[in-house]
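Chemist: I would like the atomic coordinates for the input below:
(one chain, ligands or ions: 1)
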Amino acid sequence: MARRHADLLGRRQPVALLALNQVSAEALAAAHTALFIASTYGEGEPPDNALRFSRRWLESRGRGELGALRYAVLALGDSNYRRFCAFGERLDAALAARGARRLFDLVRVDRMDDAALAQWQRGLARSGLLEDKQQLPLSQAPLREHPVLRCRLLERKLLNAGSPGGPVYHLRLSPPQNAAWQAGDIALIDIPSAGAARPAVREYSIASIPSQGGLDLLVRQVRKPDGSLGLGSGWLTAQLQLGADIVLRVRDNPAFHAPRTDAPMILVGNGTGMAGLRAHLQARAQAGHVGNWLVFGERSRSHDRLFDTELMAWQRSGQLQRLDRVFSREGEKLCYVQDFLTAHTADLERWLQQGASIYVCGSQQGMAPAVHRVLLDLLGERGLEDLTLDGRYRRDVY
Ligand SMILES: Cc1cc2nc3c(=O)[nH]c(=O)nc-3n(C[C@H](O)[C@H](O)[C@H](O)COP(=O)(O)OP(=O)(O)OC[C@H]3O[C@@H](n4cnc5c(N)ncnc54)[C@H](O)[C@@H]3O)c2cc1C
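Modeler: Model (predicted):
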């Protein structure tokens, strides 16, 4: 979205596009207009590319030094979370406290809601930043930088029959022509929805790398409280026929791309989070990087051994140095990935000391914040921040 703003606004005036971590106090004080597009993660946290800015600037005390700055904040969030848009709100309040002047009130966007985006667009037009007829392509409309790819559903397999959790399907799509992606990237899939002018779009972590000859997905079938299937997961796992066409785009996701070194990698995840981790394990196998430790959580030992044959083969060949699967419904007491890591912090510390990166993929509710807390306890705020800024702590959580 920030890139789209910069493209359009840059036609009328010079625009610098920066991640918040690249913005210094001096640059802010020298600017006359700034637009902030601020998403919120987990418990009201900033995204990783705003972490350093948040710690160094937001938490320092302001003294009205931004008197020359005009600004607006577009806060992106999801109202299912308790601290909806909290980072955008903090940013907005801190800018005002330092004397910066709002062009218009903070706009909160709930899951890319079109009405809020239109409000933002009107605010920019009223402030003279956009001409009335200029339209920011803000909604989920296809991105120019994401070419449309067509492929077919080749195979679909239920991986967890009998599981106490929702059914998880492995889908293999024919390799889309001219598609280039790498481990960590996301597929944006067009989901036909009856009566709607354009298809809905759902995101899925890609579970394979191109050299495997297909684009794999791991999709949990969502069932809503009224018994009906989720729009996207229902279409992919139940309605879509084998051989049928799928329209998708690949979203480059550098925040979850592989480490550039052969240093060890700790892969942590649960449920369909296995998708992103599997693509990384394939890429590591291809590159001959064997220092891999997978910690994966699901519910039942007998039903939830996703990609068991593959993982066991990797373990036998030495590709997966360590494999720990944590099944929450097995013992007397519920035990999750985060509990396993808490009980094995000495190993975690040793791997990190050897330069390991830690990649987390799966649930934003429960697993990811809990793993984050384990790492905070182990490394402290500064240590975890350093690990993040080094690109050694990466998350693909939803
Ligand atoms: C970066 C990213 C990666 C992802 N990767 C994966 C992946 O690898 N695998 C995977 O399975 N998913 C993944 N997801 C989640 C996926 O995008 C979808 O959100 C998921 O499949 C559910 O979409 P749906 O269309 O089936 O459900 P929807 O129909 O959109 O429903 C979504 C949720 O909203 C609730 N809901 C919707 N309508 C109602 C209603 N009327 N009343 C009450 N509740 C309602 C349901 O409980 C449901 O859980 C990812 C998401 C992101 C953002």
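Chemist: residues contacting residue 82?
Modeler: By Cβ atoms under 8 Å, 6 or more residues apart in numbering, the residues touching residue 82 are 43, 44. The C-beta positions use only the backbone N, C-alpha and C, and glycine is treated the same way.
Chemist: now it, what's its secondary structure?
Modeler: Assigned with DSSP: H, G, I helix; E, B strand; the rest coil, residue 82 falls in the coil class.
Chemist: near the ligand, which residues of the stretch 201-350 of the chain show up?
Modeler: 202-205, 218-220, 222, 224-225, 230-234, 272, 275 (Cβ under 6 Å from any ligand atom).
Chemist: now do the contacts for whichever residue of the chain sits closest to the ligand.
Modeler: In the chain, the residue that lies nearest the ligand is residue 230 (2.1 Å; Cβ to the nearest ligand atom). Neighbour list for residue 230: 221, 222, 223, 224 [criterion: Cβ under 8 Å, 6+ apart].
Chemist: which SS class is the residue nearest to residue 181 when sequence neighbours are not counted?
Modeler: The shortest distance from residue 181 to any non-neighbouring residue, by Cβ to Cβ, 6 or more residues apart in numbering, is to residue 250 (4.6 Å). Following three-state DSSP, we place residue 250 in the strand state.
Chemist: contacting residues for residue 250?
Modeler: 146, 149, 179, 180, 181, 185, 186, 187, 188, 206.
Chemist: try it again at 10 Å.
Modeler: By Cβ atoms under 10 Å, 6 or more residues apart in numbering, residue 250 lies in contact with 146-147, 149, 176, 179-182, 185-188, 206, 215.
Chemist: out of all of them, which helix in the protein is the longest?
Modeler: helix 367-389 (DSSP state H).
Chemist: do me a favour and average the pLDDT over the next helix or strand after that helix.
Modeler: Toward the C-terminal end, the helix or strand that comes next after helix 367-389 (DSSP states H and E) is strand 393-397. Across strand 393-397, the average pLDDT comes to 94.
Chemist: neighbouring strands - and their directions - for strand 393-397?
Modeler: strand 357-362 (parallel) (DSSP bridges).
Chemist: CA-only coordinates of the strand it pairs with in PDB, if you can.
Modeler: Extracted as PDB, the C-alpha positions of strand 357-362 are listed here (Å, rounded to 0.1, in the frame of the first residue of the first chain):
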ATOM      1  CA  SER A 357      17.800 -18.000  12.800                       C
ATOM      2  CA  ILE A 358      14.400 -18.800  14.200                       C
ATOM      3  CA  TYR A 359      11.400 -18.900  11.900                       C
ATOM      4  CA  VAL A 360       7.800 -19.100  13.200                       C
ATOM      5  CA  CYS A 361       4.900 -20.000  11.000                       C
ATOM      6  CA  GLY A 362       1.300 -20.600  12.000                       C
END
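Chemist: surely residue 204 forms part of a strand?
Modeler: Yes - membership of residue 204 in a strand is supported by three-state DSSP.
Chemist: before we move on, back to that, report the angle between the longest helix of the chain and strand 357-362.
Modeler: On the basis of axes from the mean of the first three to the mean of the last three Cα atoms, to 10 degrees, helix 367-389 is oriented at 150 degrees to strand 357-362.
Chemist: show me what the helix or strand where residue 3 lies is packed up against.
Modeler: Mapping residue 3 onto the secondary structure by DSSP H and E places it in helix 2-9. Under the contact definition 3 or more Cβ pairs under 10 Å, 6 or more residues apart in numbering; DSSP states H and E, helix 2-9 sits against strand 33-39, helix 114-126.
Chemist: mind redoing it with 7 Å?
Modeler: Packed against helix 2-9, as judged by 3 or more Cβ pairs under 7 Å, 6 or more residues apart in numbering; DSSP states H and E, are no other helices or strands.
Chemist: quick one: residue 365 from residue 67, how far?
Modeler: Residue 365 sits 41 Å away from residue 67 when distances are taken as Cβ to Cβ, to the nearest Å.
Chemist: check residue 283 too.
Modeler: 50 Å.
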